[in-house]
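Q: I'd like to go over a predicted model; first the sequence, then the structure.
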Amino acid sequence: MSSFPEIRDKVRSAETLSFEDGVALYQHPNLMELGALANEVRERLHGDRTYFNRNLHINATNVCEASCRFCSFARLQPGDPAAYTMTLEEAWGRLRARVAANDPITEIHIVNGLHPGLAFDYYTELLAGLKRIQPSIHLKAFTAVEIFYFAKKFGMSIEAVLQALRAAGLDSPPGGGAEIFAPRVRKKICDDKSDADEWLEVHRVAHKMGLRSNCTMLYGHIETAEERVDHMLRLRALQDETGGFQTFIPLAFHPDNNALMKLPGPTGVEDLRTYAVARLLLHNIPHLKAYWIMLGIKTAQTALWFGADDLDGTVQEERIYHMAGAATPQVMHPTEIIRLIQNAGRTPVERDTLYNVVAEGAALIPDKPFRRDVRRSLEVVS
Ligand code: V47
């Protein structure tokens, strides 16, 4: 097994790290040394730039046929008192409210349960209606698991599903549903939804159609370090083939209100270690997102020195993590995100979903600062 100095040399000469290197990095006792190496790669790619966007989450239904043991959001029966399915008007109303409040967003992130009773039209109309309200909105919608489910349920190929969704307004699939690819783990935590090859195939098809997408890994439950490394290397292999992934998002397991609630969830050190290892192994995926909703705001801010260059967005109405016990707020004002990034010694950049710059420098200052101390900290930007 390679020593840390040998791996550091490989990273500095831009050599691809092996499976054994990944496992050795997970075992390296010196977290700060690991973080500093990941930070070298982060700064080589992005300097101090740290991205965020203005977005809204819509989880249109929590009715779900799958029984993932880590999930606190899904309800198996439409008759369950906690089950809900939004009408299209209700879902569209979420965007209308933002437009009416003059609180603009550039992206809607849509993730739903695998609802056995909804017609395909529900999904295409959902997208088309949102585009009618705001034609410029980027619709990051339906995980690979949902797309695979549509293909099976409606007797269509993956490509036909993606084409129909794209015609209705889909811009990119989000990265959810990947969990951990290893069959040992999938069998125990999510054995009745798409497997690793099916998940990867949906992204492969999407990339070949010219769509970009994201990828995730749910960590901190029953998986081993070897299984995390294997997961990342499978993503890296697909990225070598297609180049379509934009960002990798490690998702920290939240143990409340689900079948795995006896597990403790990852510690802060495990979070930072996973970010650093991801930045070092996934040299070909440009961005690494510290999703503040589930990492917690303080760890997400710290992760900006352990490889991460993106904090996701303002988010609003997030339900999946909050039902699993996330203690973070459901929305963060852009001024607060900017303050966190600046306070970490990084340079905030507002992006759209495809990483085009929306605003930076003085242009970042929002019209409506929401707290006096934030307004003061923003003076630094101007
Ligand atoms: O697939 C479910 C995870 C994912 C829990 O693409 C849980 O930009 C932790 O994929 N504890 C959905 N995680 C969210 C997602 C995502 C989030 C942010 C940005 C992007 C992107 C994608 O949430 C699911 C699953 O892996 N999840 N339950 C839980 N208890």
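A: Looks like it came in fine.

Q: Spatially nearest residue to the one residue in the stretch 101-250 of the chain that gets nearest to the ligand, not counting backbone neighbours?
A: Nearest residue of the stretch 101-250 of the chain to the ligand: Gly176, at 2.5 Å (C-beta to the nearest ligand atom). Where you see a C-beta, it was placed from the backbone N, CA and C, and this is true even at glycine. Closest residue to Gly176 apart from its sequence neighbours, by C-beta to C-beta, 6 or more residues apart in numbering: Thr143 at 3.8 Å.

Q: ditto for Arg69
A: Residue nearest to Arg69 in three dimensions, not counting chain neighbours: Ala259, with 4.0 Å by C-beta to C-beta, 6+ apart.

Q: mind checking how far the one you found is from Ala178?
A: Separation of Ala259 from Ala178 (C-beta to C-beta, to the nearest Å): 19 Å.

Q: More neighbours: those two, which one.
A: Ranked by neighbour count (other C-beta atoms under 10 Å), Ala259 and Ala178 place Ala178 first, with 25 against 14.

Q: Enumerate every residue touching that one.
A: Ala144, Ala196, Trp199, Cys215, Thr216, Met217, Leu218, His231, Leu235 (C-beta atoms under 8 Å, 6 or more residues apart in numbering).

Q: count of neighbours near the first one?
A: When neighbours are counted by other C-beta under 10 Å, Ala144 registers 27.

Q: and it, what does it touch?
A: Ala144 makes contact with Pro173, Gly176, Gly177, Ala178, Ser194, Glu198, Trp199, Leu200, Val202, His203, Ser213, according to C-beta under 8 Å, 6+ apart.

Q: Let's see which of the residues you listed end up in strands.
A: Counting by DSSP state E, the part of the contacts of Ala144 found in strands is Ser213.

Q: Would you mind giving the contacts of Ala144 as JSON lines with pLDDT added?
A: Below are the contacts of Ala144 laid out as JSON lines (pLDDT from 0 to 100):
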{"residue": "Pro173", "pLDDT": "98"}
{"residue": "Gly176", "pLDDT": "97"}
{"residue": "Gly177", "pLDDT": "97"}
{"residue": "Ala178", "pLDDT": "98"}
{"residue": "Ser194", "pLDDT": "96"}
{"residue": "Glu198", "pLDDT": "98"}
{"residue": "Trp199", "pLDDT": "98"}
{"residue": "Leu200", "pLDDT": "98"}
{"residue": "Val202", "pLDDT": "98"}
{"residue": "His203", "pLDDT": "98"}
{"residue": "Ser213", "pLDDT": "98"}
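
Q: Can you tell me which of the contacts of Ala144 lies closest to Thr50?
A: Nearest to Thr50, judged by C-beta to C-beta, of the contacts of Ala144 is Ser213 at 21.6 Å.
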